[in-house]
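Colleague: below are the sequence and a predicted model; questions follow.
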Protein chains: 2
Amino acid sequence: MARIFADRMSCVHKSFVREILKVTEDPEIISFAGGLPNPRYFPVQEVAAATQKVLSECGEAALQYSTTEGYFPLRELIARRYAKQGLRVSPDEILITNGSQQGLDLLAKAFLNKGDSVILERPTYLAAIQSFGLFEPKFHSIPLQEDGIDPEALGETLSKDAAGARLFYSVPNFQNPTGITYSRDKRQAVAEKLEGSGTVFIEDNPYGELRFLGEDMPSMRKYLGEDAVLLGSFSKIVSPGVRLGWVCACEEIMEKLIVAKQASDLHSNYLCQRIVHQYFMDNDIELHIAKIRRAYKDQRDFMVETMEDTFPEDVDFTRPEGGMFLWATLPENMSALDLFNRAIAMKVAFVPGQAFYADGGGSNTMRLNYSNSDNERIGEGIRRLAKAIREKAA
Amino acid sequence: MARIFADRMSCVHKSFVREILKVTEDPEIISFAGGLPNPRYFPVQEVAAATQKVLSECGEAALQYSTTEGYFPLRELIARRYAKQGLRVSPDEILITNGSQQGLDLLAKAFLNKGDSVILERPTYLAAIQSFGLFEPKFHSIPLQEDGIDPEALGETLSKDAAGARLFYSVPNFQNPTGITYSRDKRQAVAEKLEGSGTVFIEDNPYGELRFLGEDMPSMRKYLGEDAVLLGSFSKIVSPGVRLGWVCACEEIMEKLIVAKQASDLHSNYLCQRIVHQYFMDNDIELHIAKIRRAYKDQRDFMVETMEDTFPEDVDFTRPEGGMFLWATLPENMSALDLFNRAIAMKVAFVPGQAFYADGGGSNTMRLNYSNSDNERIGEGIRRLAKAIREKAA
């Protein structure tokens, strides 16, 4: 008898990007495909020291079951860090998750009935398409411009197709995949369009602290108050291996998220919550983040310069002010998927952009990661890629 | 404007047990309410040593992102442990999860459309009701007898109300909440009733290795093959704080679970996967488990003896052969919820049993945990409880 699965499983497939990453595991390939932070800046010794302290001072407690909400001192610490940005957040508005990705699953559980509308940026973070996709919503994609989405298009969508949209998912700072950041004006304009819509704005901000150029922009919570839910992560500033992120939401929403979290996995990894908290107590995180920022700026600068020197003039690309990715647009008739195959033969990899479009399109776009390579590999990889593009165009 | 949440949120509420646990946080209360392993047997120093080894030998790798499936050597280790039980399992049939609770969420995602039938034991593990409840199934509860569910009742339900049930959730060894274990005959009979039904049998087995009396029973996979999905956990044999469990399922089901896991949270905590693997490499887990077993047997024996000496004769209770819980049935007209309030006033706590009934009932039942108390507290707590019951009966 053929096994019958739930309908939702036909809406979601294995991540294309994760499948691509398998192709690029060959160590000879210079890969700009992944979305990995640079492990050179993982605080390995500091994490080791924090672990010893936690286990020797309160090992039995740190290895026991814990609360669904998460370790309270860690939630206080997150609230204090928001306060530094001028956001008033109570620790009770913070829920610790298994990476910020889990926040998407919990929000989908709390908000989405089958067929409900979800607004996405176009292109958007692939894993968000997957995460929401399991709940069988209707997606509406709003084109990204250089400094955020087009507010007019948002207004139109909200007044027609996506009236009553439950969620708007956004990465306003150094977006994955494009590296684009919303300007102050765009933030204001988006907030105005959302007013009274009942749509919850999800501000996913894993890269926000990795700004190396320009000035910090206000969180959408400043404009939208309780209609903004914030997702944060320790993956980019401490390390992905501790697998911890958080959701910040007002009490009314938080109550539902806690119920969803209890049902999903009871609570997040408690040992790592204690370790990360101890790490913050014993180290100057700002110094550490500054080190990462300097390194990523250097890598980003070198990638941009090499692209300017070697890429054909009809290839456009973003110049991000932070984060880990930049985004290139090939001439309209050039398929990034075809280019990918040629590039792999030349031992260089990237992610073809179409995976990031919930509604198709983007076949001439590509995502390049600069955080996880040194300048030598960036230079060599970009030169190979330029060669592949020129050959393809010829 | 009132915020609108998804329909599923009205099917699930904050865990009653977790709310009760808050009441029992008062250190003067002797609590048999929790479901905690005894922290005295957490391998704190060994986990500390394993962490140091992992971080000093491959710290950058252990702190990076990882695969959805989980750390391969850990999955091999789990497969080898199944082999010792006579089960042939490939590491590719193992997915590492955030505690085995997450396995329920992933299985619900893979199998349940709204309104699909799910078969439960009566009573059953509360968090399973919650976890499946989010996917709005129809529950069918099969009464538990002394040695497993009633196969006739299962057969009848499968042929009528629950025809085409997608999942049957069971804890066949030292069940939470009752401590009951399925006999060999019951396993066989249940498997026969399920044959050809298309129902997937979920064998949740967090306590299986904590048998201190009698002989090990065969896994339902022996009878059902690929129609059995196994859930396992490191929480009871290593510690809950590492927050790691697994799902063991055939390839066809595993493919869907991996998609669901990617969408839910990308992957499980990688640092802790490495730590647990290292812990197994450097320590004799069988010796460690034997120590836990001896301790829990001693605690269980003392609780049973004290109950036999002090409880009124019309209170029935189970004598589990392993695990962490026993289950008491009060006289039919005595409310365990009322008794709970009286008991709290006398500084002793348990979980009123009705929370474990998906379809109501069980108002005169209670769950008692013996793993997380020493004999002094067990003796004193049971005497107080006996007094409360006698006062209530008077």
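Modeller: Received the coordinates, thanks. Computed from a prediction, not measured in an experiment: that's the story for all the values here. Numbering: from 1, shown residues only, chains lettered A, B, ... in the order given.
Colleague: going by C-alpha atoms from here, please, whenever you check contacts or count neighbours.
Modeller: OK.
Colleague: beyond the helix or strand hosting residue A:96, next helix or strand please.
Modeller: Element membership of residue A:96, judged by DSSP states H and E, is strand A:94-97. As assigned by DSSP H and E, the chain's next helix or strand after strand A:94-97 is helix A:99-111.
Colleague: tell me if that next one is near chain B.
Modeller: Yes - judged by C-alpha under 8 Å from any C-alpha of the partner chain, helix A:99-111 and chain B are in contact via A:99-102, A:104-105, A:109-111.
Colleague: would you give the sheet partners of the strand holding residue A:96, along with the direction of each?
Modeller: Paired neighbours of strand A:94-97 in the sheet (DSSP bridges): strand A:245-248 (antiparallel).
Colleague: next SSE after the partner strand?
Modeller: helix A:251-265.
Colleague: only the buried residues of that next one, if you could.
Modeller: A:253-265 (16 or more other C-alpha atoms under 10 Å in any protein chain shown).
Colleague: and that helix, what does it pack against?
Modeller: Using 3 or more C-alpha pairs under 8 Å, 6 or more residues apart in numbering or on different chains; DSSP states H and E, the elements in contact with helix A:251-265 are strand A:94-97, helix A:99-111, helix B:101-111, helix B:126-133.
Colleague: so which of those is the most surrounded?
Modeller: Counting by mean count of other C-alpha atoms under 10 Å in any protein chain shown, strand A:94-97 has the highest mean neighbour count of these, with a mean of 28.
Colleague: for that one, what is the distance to the chain centroid?
Modeller: 16 Å (C-alpha atoms, centre = their mean, to the nearest Å).
Colleague: same check on stretch A:292-307?
Modeller: That offset, for stretch A:292-307, works out to 19 Å (C-alpha atoms, centre = their mean).
Colleague: mind saving the C-alpha coords of that stretch as PDB?
Modeller: Extracted in PDB, the C-alpha atoms of stretch A:292-307 (Å, rounded to 0.1, in the frame of the first residue of the first chain):
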ATOM      1  CA  ILE A 292      33.900  40.200  12.900                       C
ATOM      2  CA  ARG A 293      32.700  43.400  11.300                       C
ATOM      3  CA  ARG A 294      36.200  44.500  10.300                       C
ATOM      4  CA  ALA A 295      36.900  41.100   8.800                       C
ATOM      5  CA  TYR A 296      33.600  40.900   6.900                       C
ATOM      6  CA  LYS A 297      34.100  44.500   5.600                       C
ATOM      7  CA  ASP A 298      37.500  43.600   4.300                       C
ATOM      8  CA  GLN A 299      36.200  40.400   2.600                       C
ATOM      9  CA  ARG A 300      33.200  42.300   1.200                       C
ATOM     10  CA  ASP A 301      35.400  45.100  -0.100                       C
ATOM     11  CA  PHE A 302      37.800  42.700  -1.800                       C
ATOM     12  CA  MET A 303      34.900  40.800  -3.400                       C
ATOM     13  CA  VAL A 304      33.300  44.000  -4.700                       C
ATOM     14  CA  GLU A 305      36.600  45.400  -6.000                       C
ATOM     15  CA  THR A 306      37.400  42.100  -7.700                       C
ATOM     16  CA  MET A 307      34.000  42.000  -9.300                       C
END
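Colleague: avg pLDDT for that stretch?
Modeller: Per-region confidence: stretch A:292-307 scores 98 on mean pLDDT.
Colleague: picking up where we left off before, what's in contact with the strand holding residue A:96?
Modeller: If you take C-alpha atoms under 8 Å, 6 or more residues apart in numbering or on different chains as the criterion, strand A:94-97 is touched by A:68-71, A:75, A:78-79, A:103, A:244-249, A:254, A:258, A:267-268.
Colleague: average pLDDT across stretch A:263-271?
Modeller: 97.
Colleague: could you dump the helices and strands packed on helix A:251-265 to JSON lines with distance to residue A:22 and mean pLDDT?
Modeller: Supplementary listing: the helices and strands packed on helix A:251-265 in JSON lines, determined by distance: least, C-alpha to C-alpha, whole Å; pLDDT from 0 to 100:
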{"stretch": "strand A:94-97", "distance to residue A:22": "27", "mean pLDDT": "98"}
{"stretch": "helix A:99-111", "distance to residue A:22": "21", "mean pLDDT": "97"}
{"stretch": "helix B:101-111", "distance to residue A:22": "23", "mean pLDDT": "98"}
{"stretch": "helix B:126-133", "distance to residue A:22": "32", "mean pLDDT": "95"}
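Colleague: would a markdown table of the ones you listed with distance to residue B:281 be doable?
Modeller: A markdown table is the format used below for those (distance: least, C-alpha to C-alpha, whole Å):
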| stretch | distance to residue B:281 |
| --- | --- |
| strand A:94-97 | 29 |
| helix A:99-111 | 28 |
| helix B:101-111 | 25 |
| helix B:126-133 | 32 |
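Colleague: quick one: pLDDT of residue A:18?
Modeller: So, for residue A:18, pLDDT stands at 69.
Colleague: same question, residue A:15
Modeller: Value listed for residue A:15 in the pLDDT field: 67.
Colleague: which phi and psi does the residue of the stretch 1-150 of chain A found nearest chain B have?
Modeller: Using C-alpha to the nearest C-alpha, the single residue of the stretch 1-150 of chain A nearest to chain B is residue A:63, 3.8 Å away. Main-chain torsions, residue A:63, degrees, to the nearest 10: phi -100, psi 0.
Colleague: fine, thanks again, bye for now.
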